[in-house]
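# Structure here, sequence nowhere to be found:
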Ligand SMILES: Cc1ncc(COP(=O)(O)O)c(C=O)c1O
């Protein structure tokens, strides 16, 4: 089975988007750029329906879903019980700000927190707003001006989200908005400065945080805290070491800074623990929640914080109109019920082990695979080019394209990484089938060269498959 993508119906829809959307333009740009370089365009799909572990495109091609609505469908696509709960809430309340479900969800969610001290909750609509409100809470609580963020972190796409996020492209034209943000390096295992071991690099990053920033960037008394992802999600599913996370906690205690864990993507079971910080035995002062709480159906996000931080803070402002909608809270409540009923966090840990056992040998087996990493179902594979004239990312892109043509949908956007976010309740045989197809794609590209790039093995004009 191999799909020719995009199929005619999908292409028809994509072309309608060309004059309308940025995405439409991206498709067109991708196509033109690819043609100029003499190879096929990157594949894009438009979904016609979604159910459980699968999605279908407009041409009724079926795909195993490792993209997972950008990691928001912990119970699989369009779970009927979540839909029913959301529908009921719509019928009963329409939209109003005060309704009992916002109390019920906070009562159900807070006991799952990694530490009982995180006993107050504040609703937001999106992960972006939740991350922003965590920052505002930290600034107003400490009455300080600066926040430390990490390189390649992602905290959202609002103005503040952009300056908090560590991607270079988000800095451009944003310079005047960066005032209160201090950047610190996040220790990726693939970007270790020459001559340093992995452990030394972690030590360096912690030294920078502990000494360099307070000595030469801003007084420690004017720094409110540190926001960190305990698993660099959009930055490529990088898994930090225990030393790094525990080091941040130690430094925050020493300098009297707040530690904010952004668990929008890693939280609610993604890593095989309810909260990723549990792997590190660190206790954040503020925890940011999003994505999975929606049950894949209706947005719901927020922050949990200590009593003394969130209990009475008159300077902290929050509460957009749609924060904690009845439908969003209903989705969260039903989702947490499903977590309990099906032991979904344990299941995610089990599926994570299955995936890791399946994928780890790829590092040895395939020259183009530089690293396989995972924490539960937070999974990333990095690729390298065996050809010095070709960028690494052509290889991740080629593998991802072949996976797609063979019926598996995963993420590979700007990096040389393919990211996978299987649902926490994915059928094990579907997971294995998807990984098998991924391995076949890796093997193919490993043997034939990039099917997207101008690899010698694929001369101009040759369609890869
Ligand atoms: C760690 C993290 N924080 C915040 C966000 C922003 O969440 P949202 O897209 O729901 O606004 C994301 C989104 O990917 C994320 O991964």
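Received it, and whenever you're ready, just let me know what you need. A quick note: this is a predicted structure, and the numbers were derived from the prediction, not measured.
# Every contact and neighbour count from this point should use C-alpha atoms.
OK.
# mind listing what's buried in the strand or helix carrying residue 445?
Using DSSP states H and E, residue 445 maps to helix 428-448. By neighbour count with 16 or more other CA atoms under 10 Å, helix 428-448 contains the buried residues 431, 434-446.
# Turn those into TSV, columns for pLDDT.
Formatted as TSV, the buried residues of helix 428-448 follow (pLDDT from 0 to 100):
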residue	pLDDT
431	98
434	98
435	98
436	98
437	98
438	98
439	98
440	98
441	96
442	97
443	97
444	95
445	94
446	95
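# So for stretch 48-64, what gets flagged as buried?
Buried, per 16+ other CA under 10 Å, within stretch 48-64: 50, 52-59, 61-64.
# outside of the helix holding residue 445, which residues touch it?
Outside helix 428-448, the residues that touch it by CA atoms under 8 Å, 6 or more residues apart in numbering are 53, 64, 351, 355, 358-359, 362, 366-368, 395, 398-400, 402-403, 406-408, 422, 451, 457-458.
# Quick one: buried ones out of those residues?
53, 64, 351, 355, 359, 362, 366-368, 395, 398-400, 402-403, 406-408, 422, 451, 458.
# mind listing which of these are in helices?
Judged by DSSP state H, the subset of the buried ones among the contacts of helix 428-448 located in helices is 351, 355, 359, 362, 395, 398-400, 402-403.
# returning to that earlier point: adding distance to residue 221, write the buried residues of helix 428-448 out as CSV.
Below are the buried residues of helix 428-448 laid out as CSV (distance: CA to CA, whole Å):
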residue, distance to residue 221
431, 49
434, 50
435, 49
436, 53
437, 53
438, 50
439, 51
440, 54
441, 52
442, 50
443, 54
444, 55
445, 53
446, 53
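# is it possible to export those residues to JSON lines including distance to the ligand?
Below are the buried residues of helix 428-448 laid out as JSON lines (distance: CA to the nearest ligand atom, whole Å):
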{"residue": "431", "distance to the ligand": "22"}
{"residue": "434", "distance to the ligand": "23"}
{"residue": "435", "distance to the ligand": "23"}
{"residue": "436", "distance to the ligand": "27"}
{"residue": "437", "distance to the ligand": "26"}
{"residue": "438", "distance to the ligand": "23"}
{"residue": "439", "distance to the ligand": "26"}
{"residue": "440", "distance to the ligand": "29"}
{"residue": "441", "distance to the ligand": "26"}
{"residue": "442", "distance to the ligand": "26"}
{"residue": "443", "distance to the ligand": "30"}
{"residue": "444", "distance to the ligand": "31"}
{"residue": "445", "distance to the ligand": "29"}
{"residue": "446", "distance to the ligand": "30"}
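# residues in the stretch 1-150 of the chain within reach of the ligand, list them.
Residues of the stretch 1-150 of the chain lying close to the ligand by CA under 6 Å from any ligand atom are 126-128.
# Let's see which of these end up in helices.
127-128.
# Chain neighbours aside, what residue packs nearest to the residue positioned nearest the centre of the chain?
The residue lying closest to the centre of the chain (CA atoms, centre = their mean) is residue 233, at 3.7 Å. Nearest non-adjacent residue to residue 233, counting by CA to CA, 6 or more residues apart in numbering: residue 265, 6.5 Å away.
# need the next SSE after the helix or strand of the chain with the lowest mean pLDDT, C-terminal direction.
Across the helices and strands of the chain, mean pLDDT, DSSP states H and E gives its lowest value to helix 22-36, namely a mean of 64. Remark: after helix 22-36, the chain's next helix or strand is strand 47-51, criterion DSSP H and E.
# Which is the succeeding secondary structure element to that next one?
Heading C-terminal from strand 47-51 (DSSP H and E), you reach strand 54-57.
# Report all helices and strands that that following strand contacts.
strand 47-51, strand 62-65 (3 or more CA pairs under 8 Å, 6 or more residues apart in numbering; DSSP states H and E).
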